[in-house]
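1. Requesting a structural model of the entry that follows:
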Amino acid sequence: MINKINLKKHILLVDDDASVSQMLSMLLESRGYEVDVVGSGKEALQKIASHIDLVLLDIVLPDQDGFDVCRKLKENEDSRHIPIIIQSAKMLPENIVEGLYLGADDYLVKPFEFEELVARMEAVLRRSAPFRDGKLVSQGEEAIIRELRTIIDDGLIIPFFQPIVQLQPFRLIGFEAFCRPKTQSMLANPELLFKAALQFGLYQEMEMASWKKAIEYASRILTNEKLFLNCNPYFVEGPRFLTIKSLFEQSKIKIENVILEITERSAVTDFKIFFDHLKRFREYGFKFAVDDVGGGYASLESIVQTRPEIVKIDRHIVNNLHADSFKKSIVKFITSFCKENNILCIAEGIETKQDLLTLIDLGVDAGQGYYLSQPAPYIKLDEVEEIQHLVCSH
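-> So this is what the prediction gives:
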């Protein structure tokens with residue numbers, strides 16, 4: 001006889017208000033959840049030893065701060081995978097940021113609608129548990145989820161850096177950061193890594209882990225050089241985006257030297273949130289770059305909406321530029337537009353000396369690409385002297 005798999009989700013409700021806990025527990029059980037209720041942080045930490053799918057954690061507890069409970073759960077190897085939704089009647093913006101930074105997966109401000117709670121719980125459970133659309137995922141998918149979680153939780157990411165140089169006069173501007181996971185599986189391919197993270201609801205955590213590694217390394221070496229970080233709309237729109245300022249405040253990198261490079265703009269799902277977040281970070285001192293300019297109408301529209309300090313010319317325009325008059329006209333237009341609007345113009349994907357010299361002749365401000373230097377797992381400031389002859393020898 002085959003035993004049935006129990007698909008009921010087990011919720012741990014941590015709240016010292018007995019009347020609220022009783023009502024919420026009844027409502028959740030009416031929706032098919034199993035609910036355990038505890039009224040203190042100590043009880044929560046003891047109860048977590050049993051199988052729990054999600055924790056609803058009140059911030060105000062009688063024996064210890066709810067943030068401390070969140071931190072302890074996320075530091076414990078046996079419970080770090082369990083999603084946490086923090087809740088409080090007095091949730092200030094800085095409280096939300098602190099909770100998310102400690103590892104909470106979502107937050108709710110009391111009083112809230114029960115339907116909103118259920119919707120947020122299901123969204124968090126889909127992202128964090130080996131379930132998708134109410135069904136067990138395949139063994140292959142479950143293995144991918146486990147590997148993604150391991151890469152994120154253990155910081156198995158190697159930051160790579162590619163120099164960006166001003167072309168005339170020649171000097172180092174900064175470095176663009178990339179990431180390479182420490183794994184031998186197919187997820188070693190960064191494109192597949194982030195696609196998988198997006199599919200299973202772990203994109204924001206993966207991006208945050210990548211940024212953290214890049215910032216930790218770069219802050220030990222960079223002084224006034226710029227640090228370029230790729231910034232996908234999925235990340236910008238999410239709640240974790242509001243926590244990134246703290247990453248820089250704990251490092252030696254000046255916020256005014258950080259360039260957030262907006263990629264895959266077609267993925268924007270909520271333009272209001274997207275541009276509200278960009279506005280807030282510009283007020284903090286961050287600068288923005290729009291990439292793949294020249295590759296289509298969408299990139300030109302993004303320049304109008306984002307008003308970036310930097311644009312990056314699409315690598316497909318740069319490739320074989322020296323032999324294509326049509327491409328040269330596009331680059332002339334972009335360069336002229338940038339100079340008129342005080343925008344730094346960077347050419348991506350420079351792979352030959354002929355294209356490099358053409359970019360210089362057309363007045364492009366700066367460039368990056370394999371011909372100048374490939375991405376490497378280190379920052380070597382004196383490498384610019386080795387590159388300089390490529391620009392100056394012509």
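2. ok now stretch 57-64, how far from the chain's centre?
-> Here stretch 57-64 is found 29 Å from its chain centre; the criterion is C-alpha atoms, centre = their mean, to the nearest Å.
3. buried sites along it?
-> By 16 or more other C-beta atoms under 10 Å, the buried positions in stretch 57-64 come out as 57-59, 61. C-beta here means a position set from N, CA and C on the backbone, and glycine is covered the same way.
4. Nearest to residue 201 among those?
-> When those are compared for distance to residue 201 (C-beta to C-beta), residue 57 wins out at 19.6 Å.
5. wait, is the closest one part of a strand?
-> Yes: counting by DSSP: H, G, I helix; E, B strand; the rest coil, residue 57 is part of a strand.
6. Strands along the stretch 251-394 of the chain, start to end?
-> For the stretch 251-394 of the chain, the strands defined by DSSP state E, counting those that start in this stretch occupy 258-262, 287-293, 310-313, 344-347, 366-367.
7. Please convert the ones you listed to TSV, extending it with mean pLDDT and mean neighbour count.
-> As requested, the strands of the stretch 251-394 of the chain are exported to TSV (pLDDT from 0 to 100; neighbours: other C-beta atoms under 10 Å):
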stretch	mean pLDDT	mean neighbour count
strand 258-262	93	23
strand 287-293	90	23
strand 310-313	95	28
strand 344-347	97	26
strand 366-367	96	24
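8. would you list those strands in TSV and tack on distance to residue 11?
-> Formatted as TSV, those follow (distance: least, C-beta to C-beta, whole Å):
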stretch	distance to residue 11
strand 258-262	37
strand 287-293	40
strand 310-313	46
strand 344-347	49
strand 366-367	53
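9. And those strands: which comes nearest residue 208?
-> strand 258-262 (13.4 Å).
10. what packs against the closest one?
-> Here strand 258-262 touches strand 226-231, strand 287-293, strand 310-313, going by 3 or more C-beta pairs under 8 Å, 6 or more residues apart in numbering; DSSP states H and E.
11. what are the ranges of the strands in the stretch 51-200 of the chain?
-> Going by DSSP E, counting those that start in this stretch, the stretch 51-200 of the chain shows strands at 54-58, 84-88, 106-109, 131-132, 135-136, 157-166, 171-181.
12. re the thing from before, just the buried residues of stretch 57-64 now: which is nearest residue 249?
-> Closest approach between those and residue 249, by C-beta to C-beta: residue 59, at 22.3 Å.
13. Surely that closest one touches residue 84?
-> No: judged on C-beta atoms under 8 Å, residue 59 makes no contact with residue 84 at a distance of 11.2 Å.
14. wait, is residue 36 part of a strand?
-> Yes: Residue 36: assigned to a strand according to three-state DSSP.
15. For it, which non-adjacent residue is spatially closest?
-> Excluding the flanking residues, the one nearest residue 36 by C-beta to C-beta, 6 or more residues apart in numbering is residue 12, at 5.2 Å.
16. tell me the angle the host helix or strand of that neighbour makes with strand 34-38.
-> Applying DSSP states H and E as the criterion places residue 12 in strand 10-14. On the basis of axes from the mean of the first three to the mean of the last three C-alpha atoms, to 10 degrees, strand 10-14 is oriented at 20 degrees to strand 34-38.
17. Flag every buried residue along strand 10-14.
-> Neighbour-count burial for strand 10-14, counted by 16+ other C-beta under 10 Å, picks out 11-14.
18. what inclination does the helix or strand following that strand have with respect to strand 84-88?
-> Once the chain leaves strand 10-14, the next helix or strand it forms, by DSSP H and E, is helix 18-30. Angle of helix 18-30 versus strand 84-88, following the same axes, to 10 degrees, is 140 degrees.
19. Contacts for helix 18-30, please.
-> Helix 18-30 has contacts (C-beta atoms under 8 Å, 6 or more residues apart in numbering) with 11, 13, 15, 35, 37, 39, 56, 114, 117-118.
20. What of stretch 235-254?
-> Residues contacting stretch 235-254 (C-beta under 8 Å, 6+ apart): 93, 96-97, 100-101, 106-107, 203-205, 207-208, 211-212, 215-216, 218-220, 222, 224, 227, 255, 258, 262, 268-270, 273-274, 277-278, 280-281, 284-285.
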